[in-house]
Structures are given as structure tokens and as C-alpha cells.
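K.L.:
3D model of this:
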Amino acid sequence: LLAMLREFRWNVVIRVLIIVVLALVFGYVIINKSWFFTPLVIGILIAVAAWNLVYYLERTNKDVTQFILNIKQGGFTTSFPDTRRGRTFKRLSEALNDVVKEFQKLDLEKETQRQYLELLTNSIPVGIITYRSNGDVDVCNPYAKNLLQVVRLARIGELRQRSKKLYEVCTQLNPGERRLFRVLIDNSERQLVIQKRQLMISNETSYIVILQDLKSE
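P.N.:
Residues are numbered from 1 along each chain as shown. A predicted model of the protein is given here:
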């Protein structure tokens, strides 16, 4: 990385020096000579050198900006082609592509773990509800939905519609506590064992409520 930065610095310095030298020659010719075509050619060379410098800087800035946006958005689908822009851009492209590949690998592992946990949560014969401190429900597995006779549970407060006592137990139960509870849902009495856990995710408190129907078990 240090070698790449050093080479980038030298490429910029060389381009600036070329522009400075051409500008000095241009000024000398204009002041001391009465030539017409030579200043015109030198002026064109200065314009080309300036454009080359701007393109060099903007292209590097574009690659680095795109890389940072990928990190911010969490989508590593962009690759950085190994173009014929010199060793500095080649090394930059290689470095960025290597980092992108590592993040893609991490994303794949993360997605695999998510699918595994989702399959496990949907398969076990235990009701699982996870909700945040603001009441938003993140997970309500099929067993819990069947147990509560609901199609969807978006907020923990919606439990009041099924059973006010069940809502109070689920929200007021202390983390780590376990309680045996009888509840009437759709004219059917159920004997539930309710457990609650607390965890921190991204500095936000979340709760896991585990429901076990002793009668069905």
C-alpha cells in the first residue's frame, strides 16, 4: 500500500512538472520569439497534460469513492477492472478487488448462517418471538403463529388482541425468568411455559420470548 501511494504521488508530481515546464517554455516563446505555430503546439500540449492530470486524479477518486459506497451500502457486486492506466491503477484495482472478494465471502457466510437459523427457527416445535425495545417484532416463527392463531405479528402490542394477560406476561416477565401460564385463545385453553431472554444487537435491546405448549407436547 505504501509503495502504491508513493508511486501515485510520483505520477502526480511528474504530470505537474510537465505542465510547469511546458508553461515556462510557452511563456518564453511568447515573450522572446515571434513564432506562431510553436506556441500553438505548446498550448495544445499543456491542455493535453492538464487533461491527463485531471483524468488521472478523477479516475482514482472515482474508484475509491465507489469502493467506499460499496462498504456503506453493504453491496459488493462492483469489480474494479485492471485497465491499462499504469502500475498504480493496476495495484489499486488489485487491492480493491481483493477487499471486495473478502467482503463477498463474509456476506456469503452471513447469508448461509441466516438461512440455517431461519430453517432451524421454522422447524422446531417451540414458539419463538423476538421483539425490540420499541415493540417491533423481528421474528415470529410458524409454531408461534399457529399457537397464537395469527397470520402475522408486526408489533408485540398486537398480542393484546389475542390475550391481554399473555401480552402482560410476555412484556413484564424478567429476562431469564420462566413461568407456567394458562391462557384462553379462541375458546381453547392452553397451558404454556414462557421464557424470556434479553440480548443486545447493534446497541439496541431485543428480547426473545419462548412459548411451549405443554398440552400439545
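
K.L.:
what packs against the worst-scoring helix or strand of the chain on mean pLDDT?
P.N.:
Using mean pLDDT, DSSP states H and E, the weakest-scoring helix or strand in the chain turns out to be helix 87-123, at a mean of 74. For helix 87-123, the packing partners by 3 or more CB pairs under 8 Å, 6 or more residues apart in numbering; DSSP states H and E come out as helix 2-32, helix 37-73. Yep, even glycine has a C-beta here, placed from its N, CA and C like the rest.

K.L.:
cutoff 10 Å now
P.N.:
helix 2-32, helix 37-73, strand 127-132, strand 137-140, helix 142-148 (3 or more CB pairs under 10 Å, 6 or more residues apart in numbering; DSSP states H and E).

K.L.:
strands paired with the lengthiest strand in the chain, and their directions?
P.N.:
Using DSSP state E, we find that the single longest strand of the chain is strand 188-201. Here strand 188-201 has these sheet partners by DSSP bridges: strand 178-185 (antiparallel), strand 204-213 (antiparallel).

K.L.:
now the angle from it to strand 127-132?
P.N.:
With axes from the mean of the first three to the mean of the last three CA atoms, to 10 degrees as the basis, strand 188-201 and strand 127-132 are set at 40 degrees to each other.

K.L.:
And strand 188-201, what's buried?
P.N.:
Buried positions in strand 188-201, judged by neighbour count with 16 or more other CB atoms under 10 Å: 190, 192, 194-196.

K.L.:
In the chain, where is pLDDT below threshold?
P.N.:
Regions of the chain meeting the criterion pLDDT under 70 cover residues 1-5, 34-36, 63-64, 66-68, 70-93, 95-96, 216-217.

K.L.:
try it again with 80
P.N.:
Scanning the chain for pLDDT under 80 picks out 1-11, 31-39, 56, 59-111, 114, 118, 121-123, 183-189, 201-202, 215-217.

K.L.:
picking that back up, off-centre distance for the least confident helix or strand of the chain?
P.N.:
Computed by CA atoms, centre = their mean, to the nearest Å, the chain-centroid distance of helix 87-123 equals 11 Å.

K.L.:
what's the answer for stretch 41-51, then?
P.N.:
Its chain's C-alpha centre and that of stretch 41-51 lie 43 Å apart, by CA atoms, centre = their mean.

K.L.:
What is the burial count for the residue lying closest to residue 38 once chain neighbours are set aside?
P.N.:
Using CB to CB, 6 or more residues apart in numbering and skipping the chain neighbours, the partner closest in space to residue 38 is residue 29 (5.5 Å). Other residues lying near residue 29 total 17 when counted by other CB atoms under 10 Å.

K.L.:
what do you get for residue 17?
P.N.:
Residues contacting residue 17 under the criterion other CB under 10 Å number 11.

K.L.:
Would you mind measuring from it to residue 53?
P.N.:
Applying CB to CB, to the nearest Å, the value for residue 17 to residue 53 is 11 Å.
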